[in-house]
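build me a model from this:
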Amino acid sequence: MKFFVEKDSVVREIWGKGDTILFIFAGASAEFALNKAVDWLYYTGRLPADPLGRLFSTVNYARKIVFSENEAALKAIDKIAAIHASVEQQRGDKIPDWAYRDVLFMLIDYSIRSYEVLERKLSIEERKEVFDVFNRVGQRMALIGLPSSYEEWLRMRDEHLQNDLLKSDFTVDLYKQYKKHLGPVRYRLLLEGQILVVPRRVNELLSLGKFSLLTPVLGLYKLLQKLRLDWFLKSAILPKEYKQEIKELDVV
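Here you go, the predicted model:
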């Protein structure tokens, strides 16, 4: 049976661990708020109305792509494309090509960054593997202007960070929604996690700071992982109404 992502791929390891997924969400939630096309998220209302629900929805789609056999993964990608096409039709406008690429680039970058914060440095070949998987997602969605190599993606990623981000009223409001849905303590944890994974440009625009209070905690967290007690920490980070979803974050 052919799979969209090979069973021994590092991408499966990255997206099969709940803690890595939470850091991917932390980084993406910061950059989403700065994206010049964030008004599209406000048009649907899904992200500001339910940031955590959006997280688990994204995780479910990522799982279908990363862990399914090839045909099922392609159907999941086609469904994502159809959902976006429907939103475009409702609004009578088209999501910019660069905005689609930005989201794809975020998935590549934060997959790498989050894993390296929590686990170990990836080799160049492993990084290229992450790039290849999500670039194939973009190709299936028929996105325009995709990079042809990991090296080209690095250059384009830097250009996107410089050209496509802006702190706006949407940014301020979205962070208010994060705080509202997470509460003050979990919101602080989100900010500290963002400091660890976001690129310098994102940090500068959001004024997150240079040092994260989570840095000295990472060693303890890795110990809890080995003892299989890290779910306690996930439960502390996410509200109790998402208890079942929290348990399902780990699939490897």
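
would you tell me which helix is longest in this structure?
If you go by DSSP state H, the chain has its longest helix at helix 169-197.

and it, what does it pack against?
The elements that helix 169-197 packs onto, with contact taken as 3 or more Cβ pairs under 8 Å, 6 or more residues apart in numbering; DSSP states H and E, are helix 18-34, helix 39-44, helix 46-49, helix 51-67, helix 97-118, helix 200-206. For the C-beta atoms, the positions are set from N, CA and C on the backbone; glycine is no exception.

quick one: secondary structure of D132?
Secondary structure, DSSP: H, G, I helix; E, B strand; the rest coil: D132 is helix.

any idea how far D109 is from R140?
Applying Cβ to Cβ, to the nearest Å, the value for D109 to R140 is 20 Å.

S207 now?
37 Å.

between those two, tell me which one has more neighbours.
Remark: of S207 and R140, R140 carries more neighbours, 17 against 7, as counted by other Cβ atoms under 10 Å.

quick one: that one from A81, how far?
8 Å.

also L161?
Counting by Cβ to Cβ, the gap from L161 to A81 is 25 Å.

mind checking which of the two has more residues around it?
In this view L161 and A81 are compared by other Cβ under 10 Å, and L161 has more residues nearby, 20 against 15.

state the number of residues packed around R201.
15.

wait, it sits on L161?
Yes: using Cβ atoms under 8 Å, R201 is in contact with L161, at 4.4 Å.

contacts for stretch 110-129?
The contact list for stretch 110-129 (Cβ atoms under 8 Å, 6 or more residues apart in numbering) reads 9-11, 13-15, 17, 19-21, 23-24, 27-28, 130, 134, 150, 196-198, 218, 221-222.

now swap in stretch 160-177 and tell me
31-39, 41-42, 47-49, 51, 98-99, 101-102, 105, 199, 201-202, 205-206.

picking that back up, now distance to M1 and mean pLDDT too, for the helices and strands packed on helix 169-197, in a markdown table please.
Converted to a markdown table, these look like this (distance: least, Cβ to Cβ, whole Å; pLDDT from 0 to 100):
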| stretch | distance to M1 | mean pLDDT |
| --- | --- | --- |
| helix 18-34 | 25 | 89 |
| helix 39-44 | 35 | 73 |
| helix 46-49 | 34 | 74 |
| helix 51-67 | 12 | 81 |
| helix 97-118 | 24 | 93 |
| helix 200-206 | 39 | 97 |
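
just say which of these is most tucked in.
Across those, the average number of neighbours (mean count of other Cβ atoms under 10 Å) peaks for helix 18-34, which reaches a mean of 24.

packing partners of that one?
helix 51-67, helix 97-118, helix 169-197, helix 200-206, helix 231-237.

quick one: closest of those helices to G145.
helix 97-118 (5.9 Å; Cβ to Cβ).
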